[in-house]
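S.K.: My questions concern the predicted model and sequence given below.
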Amino acid sequence: MNAKPKERICIYCGGCVRRVRKGKGEHIVPDAIGGALTLDAVCGNCNNEFSAIDTELCSRSPLSLVASKVIGAHAWQVWNVDPTASQLLVEGWPDWSVETIRVYPQIIFEQSRLRMYGDLDEMLRFGIREFEQVLVRSMLRAFQRSEAGCKKWLHVERVEKGQVVARGYRFPPRVFSRRSIKELADRLRRNARASFILRYQKDADRKLALSVLENWTPRRTFKSLERGTGSLLPVFGTSYELGAVMRALAKIAVNLLAHCCPNTPLNFQTIPGVIRVITGVAPVSTALLSANGFVRARDIQSLAADANAHSFRLLHWNGEWWVYASFFGGQIGSFVSFPGPNKESWTCADIVAPLRSKDWIVRTSQIIQPLRVKIVWQDSDQMSPTIQTRYGHSELRVERRRMPQSTAG
């Protein structure tokens with residue numbers, strides 16, 4: 001008789017882990033930034049619960065800008081600037097091949113006028129009049145479906161007022177799509193869903209945009225039409241919640257240990273502090289943020305592989321795990337530390353994880369090799385100097401207290 005297989009326990013909640021299909025478990029490094037290997041020691045509920053913090057890290061934090069440059073990942077908040085409209089911020093995406101910002105199809109709502117924006121090349125290929133007709137029809141259809149209760153047609157996002165806007169840039173409400181006009185036209189023809197996003201800063205802005213959409217005049221045309229291809233000196237906005245990013249970085253650290261430490265019990269009993277932070281049971285304090293998080297890129301260069309790989313160092317020292325991360329060949333890095341046991345035969349492990357590959361290289365040793373790193377949450381020039389921007393900002397929205405900087409390691 002075959003022995004009954006040993007029951008697997010979730011490292012985060014202690015629940016039973018049912019059979020996980022190959023490649024469908026918890027990604028050790030998020031798939032959105034090129035991770036491929038998965039764990040079968042995380043239950044489905046916890047895996048789903050981590051989606052929000054992974055999104056904050058991979059789509060909104062400074063890491064998203066590096067990911068967009070290296071692997072074409074989505075950067076949540078990138079703007080072009082229209083200097084002819086009093087420094088108006090326009091939604092776009094970075095086209096790193098020509099070092100510019102391309103403009104999404106969009107309509108911007110102001111009290112005195114409406115403005116339509118789009119990419120010049122796309123307008124000329126499709127036809128300006130046809131561009132306008134497809135954009136308006138698609139936008140109104142998304143609004144009407146949303147009003148009828150259909151989910152995922154119109155996403156409403158509030159953008160916090162930050163340093164970029166405070167410098168004199170304007171951010172009136174707007175509705176835009178991340179799809180090209182050709183894609184929108186195709187979805188209109190097939191009656192397929194095409195999502196739009198309504199972004200605003202103040203409640204009055206949201207009400208203005210919704211009122212215009214509700215009372216849209218069929219014959220309305222645009223007197224103001226932007227045809228530029230983008231800004232060569234883009235404005236990058238990185239407005240993100242530090243607590244969620246901190247939890248996501250800690251989760252990557254625990255996942256790496258779970259993958260590389262088969263003899264060490266890692267669960268809510270052996271590493272309770274970091275598990276409570278990751279799962280949201282314990283708050284992310286300013287003290288935790290001062291000792292963990294993004295670091296100066298120069299501090300992790302000795303760990304960096306090439307741009308097509310992430311690299312990590314796991315170090316156990318004085319009853320603590322120290323986990324260093326070098327993402328995309330050292331273009332941005334992080335440091336996370338927490339108390340925990342070590343039952344392995346090594347004290348230091350270096351990992352090279354090629355993007356989109358399961359062929360990781362792991363080298364272990366007994367030599368203690370700490371790195372001296374400085375935590376930086378706001379200084380983008382030190383955090384990721386390879387991303388050349390005109391301005392950038394981070395919103396510190398953790399308990400409304402300013403986070404001090406310190407040196408760890």
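M.R.: Received the coordinates, thanks.
S.K.: I'd assumed G15 was in contact with F268.
M.R.: No - between F268 and G15 there is no contact, the gap being 10.3 Å when judged by Cβ atoms under 8 Å. To be clear about C-beta, it is placed using only N, CA and C from the backbone, and glycine gets the same treatment.
S.K.: So the two - more neighbours on which side?
M.R.: Per other Cβ atoms under 10 Å, whichever of F268 and G15 has more neighbours is F268, with 19 against 14.
S.K.: for the nearest residue to that one once chain neighbours are set aside, helix, strand, or coil?
M.R.: Taking Cβ to Cβ, 6 or more residues apart in numbering, and ignoring the residues beside it in sequence, F268 has I275 as its nearest neighbour in space, at 4.5 Å. In terms of secondary structure, I275 is helix; the call rests on DSSP: H, G, I helix; E, B strand; the rest coil.
S.K.: Local confidence estimate at I275?
M.R.: The predicted structure scores I275 at 97 on the pLDDT scale.
S.K.: Likewise for I9?
M.R.: On pLDDT, I9 comes in at 89.
S.K.: Return the residues in contact with it.
M.R.: For I9, the contact set (Cβ atoms under 8 Å, 6 or more residues apart in numbering) comprises 15-17, 41, 267.
S.K.: One more: C260?
M.R.: Under the criterion of Cβ under 8 Å, 6+ apart, the neighbours of C260 are 314, 344, 349, 351, 362.
S.K.: let's go with 10 Å and repeat that
M.R.: C260 makes contact with 28, 312, 314, 344, 346, 349, 351, 360, 362, 364 under the criterion Cβ atoms under 10 Å, 6 or more residues apart in numbering.
S.K.: same question, K343
M.R.: 261-266, 270.
S.K.: switch the cut-off to 8 Å
M.R.: Counting by Cβ under 8 Å, 6+ apart, K343 has contacts 261, 263-265.
S.K.: tell me the SS of I368?
M.R.: Put simply, I368 is coil when judged by three-state DSSP.
S.K.: How about A185, nearest residue that isn't a chain neighbour?
M.R.: The shortest distance from A185 to any residue that is not its chain neighbour, by Cβ to Cβ, 6+ apart, is 4.7 Å, and that residue is V134.
S.K.: looking at it, the one you found is touching E183, isn't it?
M.R.: No - V134 is not in contact with E183 according to Cβ under 8 Å; the separation is 9.7 Å.
S.K.: just to revisit the earlier point, redo the contacts of I9 as TSV? Include distance to T217, pLDDT and secondary structure.
M.R.: Shown next, in TSV, are these (distance: Cβ to Cβ, whole Å; pLDDT from 0 to 100; DSSP: H, G, I helix; E, B strand; the rest coil):
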residue	distance to T217	pLDDT	secondary structure
G15	55	89	coil
C16	58	89	strand
V17	56	88	coil
A41	58	90	coil
N267	61	93	coil
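S.K.: related to what we said a few turns ago, what about dumping the CA coordinates of the helix or strand hosting the residue nearest to A185 to CSV?
M.R.: V134 belongs to helix 128-147 when elements are defined using DSSP states H and E. Listed in CSV are the C-alpha atoms of helix 128-147, where the atom choice follows Å, rounded to 0.1, in the frame of the first residue of the first chain:
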residue,chain,number,x,y,z
ILE,A,128,-8.2,62.2,-37.2
ARG,A,129,-11.9,62.3,-37.7
GLU,A,130,-12.2,58.5,-37.3
PHE,A,131,-10.0,58.6,-34.3
GLU,A,132,-12.4,61.0,-32.6
GLN,A,133,-15.5,59.0,-33.5
VAL,A,134,-14.0,55.7,-32.2
LEU,A,135,-12.7,57.2,-29.0
VAL,A,136,-16.0,58.9,-28.2
ARG,A,137,-18.2,55.9,-29.0
SER,A,138,-15.9,53.6,-27.0
MET,A,139,-15.8,55.9,-24.0
LEU,A,140,-19.6,56.5,-23.9
ARG,A,141,-20.2,52.8,-24.3
ALA,A,142,-17.9,52.0,-21.3
PHE,A,143,-19.6,54.7,-19.2
GLN,A,144,-23.1,53.4,-20.1
ARG,A,145,-22.2,49.8,-19.4
SER,A,146,-20.7,50.9,-16.1
GLU,A,147,-23.8,52.8,-15.1
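S.K.: give me phi/psi at the most centrally placed residue in the chain?
M.R.: If you average the C-alpha coordinates of the chain and look for the closest C-alpha using Cα atoms, centre = their mean, you land on S59, 1.8 Å from that point. The phi/psi pair for S59 (degrees, to the nearest 10) reads phi -120, psi -10.
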